[in-house]
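Colleague: Make a model of this:
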Amino acid sequence: MKRPRIALIRWCLFLLPGFGLPSIGFGQTDQSATDFAHDIVPILQQHCVGCHGGREAKGSFSMNTRELLVDSGNVQPGKPDESKLIELILASDKEIQMPPEDQERLTAPEVATLKKWIADGVPWDDGFSFAPVAWEPPLKPRRPDLPPIVDGRENPIDRILDADLAAHQVARPQRIDDAVFLRRVSLDLVGLLPEPEILAEFLADTAADKRNTVVRRLLDNRISYADHWLTFFNDLLRNDYSGTGFITGGRQQVSGWLYEALL
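Modeller: Numbers count the residues shown, from 1 in each chain. Here you go, the predicted model:
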């Protein structure tokens, strides 16, 4: 009775998906698939995008996105021999051939790569475009040259402010006392006034770097920091604590993620 049972088990295992087939290791990919970023983009950038990408679209032939390329009818996904792109690349007529006669023609391997790409359905990386960024921020991040140190004020922010005040002939504000400093920095970072005993301890401290120390201590108070700044970011995101969106749960996830991000 055991042999029929064993045979039945073996037969069931063989029917399981993938069982009995040659194993394919995890992480292996289809080596025959076209790699858009490494195989196609370099070819298009070298031979095509100069005239049909970015802000250029000669002959109303734009390659900026897959949609523009396919919707124009210049490429027929799955049908390289019926695609106008391949037709123009292989054309011998100098009036229509791509690229123009004064530019380097595509090599046979490059043409074969493009034809296979079209045959594969014109795969295109999500979000990729040859179009330039439509808008650039007027103030790009940069590393400014720091002005000279004045009166031992070495902090980069102080050096920039001192130079700006001097350029506008504005007197530099006097250094605030320790009590005012602690109150301001506490309200800024955690939204709370310092407790009386904390204030007394800070005033009695004679260490030269006590202000830097208290700033680091307040920043390390992650719970109070997150509680304080969560409100400001929720206001910026228009993420109210009440109302239809919050009651139905549509905004609770945002608040939870934001709070965790601030911790």
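
Colleague: where exactly do the helices run in the stretch 151-263 of the chain?
Modeller: Along the stretch 151-263 of the chain, the segments classed as helices by DSSP state H, counting those that start in this stretch run 156-167, 178-190, 196-204, 210-220, 222-236, 244-247, 252-262.

Colleague: So for Val70, which of the ones you listed sits nearest?
Modeller: helix 252-262 (36.1 Å; C-beta to C-beta). For every residue, glycine as well, the C-beta is placed using N, CA and C.

Colleague: Now do that closest one against helix 222-236: the angle between them, please.
Modeller: Interaxial angle of helix 252-262 relative to helix 222-236 (axes from the mean of the first three to the mean of the last three C-alpha atoms, to 10 degrees): 130 degrees.

Colleague: list the helices and strands helix 252-262 packs on?
Modeller: Counting contacts by 3 or more C-beta pairs under 8 Å, 6 or more residues apart in numbering; DSSP states H and E, helix 252-262 is packed against helix 222-236.

Colleague: Most tightly packed of the helices of the stretch 151-263 of the chain?
Modeller: Sort these by mean neighbour count, taking mean count of other C-beta atoms under 10 Å, and helix 178-190 sits at the top with a mean of 16.

Colleague: That one - what's its average pLDDT?
Modeller: Averaging pLDDT along helix 178-190 yields 97.

Colleague: quick one on the thing from earlier: mind putting the helices of the stretch 151-263 of the chain into a markdown table with distance to Gln97?
Modeller: Formatted as a markdown table, the helices of the stretch 151-263 of the chain follow (distance: least, C-beta to C-beta, whole Å):
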| stretch | distance to Gln97 |
| --- | --- |
| helix 156-167 | 57 |
| helix 178-190 | 66 |
| helix 196-204 | 78 |
| helix 210-220 | 64 |
| helix 222-236 | 54 |
| helix 244-247 | 58 |
| helix 252-262 | 54 |
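
Colleague: which stretch in those is the model least sure about?
Modeller: Looking at the helices of the stretch 151-263 of the chain, the bottom one is helix 244-247 with a mean of 55.

Colleague: Check the burial of Ala33 by counting its neighbours.
Modeller: If you count neighbours by other C-beta atoms under 10 Å, Ala33 ends up with 12.

Colleague: let me redo that: Val49
Modeller: Around Val49 there are 18 residues (other C-beta under 10 Å).

Colleague: And it, how far from Met98?
Modeller: 12 Å (C-beta to C-beta, to the nearest Å).

Colleague: now do Glu195
Modeller: From Glu195 to Met98 the distance is 75 Å (C-beta to C-beta).

Colleague: For those two, indicate the residue with more neighbours.
Modeller: Taking other C-beta under 10 Å, Glu195 and Met98 do not tie; Met98 has more neighbours (22 against 10).

Colleague: Run through the residues that contact the nearest residue to that one once chain neighbours are set aside.
Modeller: Using C-beta to C-beta, 6 or more residues apart in numbering and skipping residues adjacent in sequence, the residue nearest Met98 is Leu88, 4.2 Å away. For Leu88, the contacting residues are Ile96, Gln97, Met98, by C-beta atoms under 8 Å, 6 or more residues apart in numbering.
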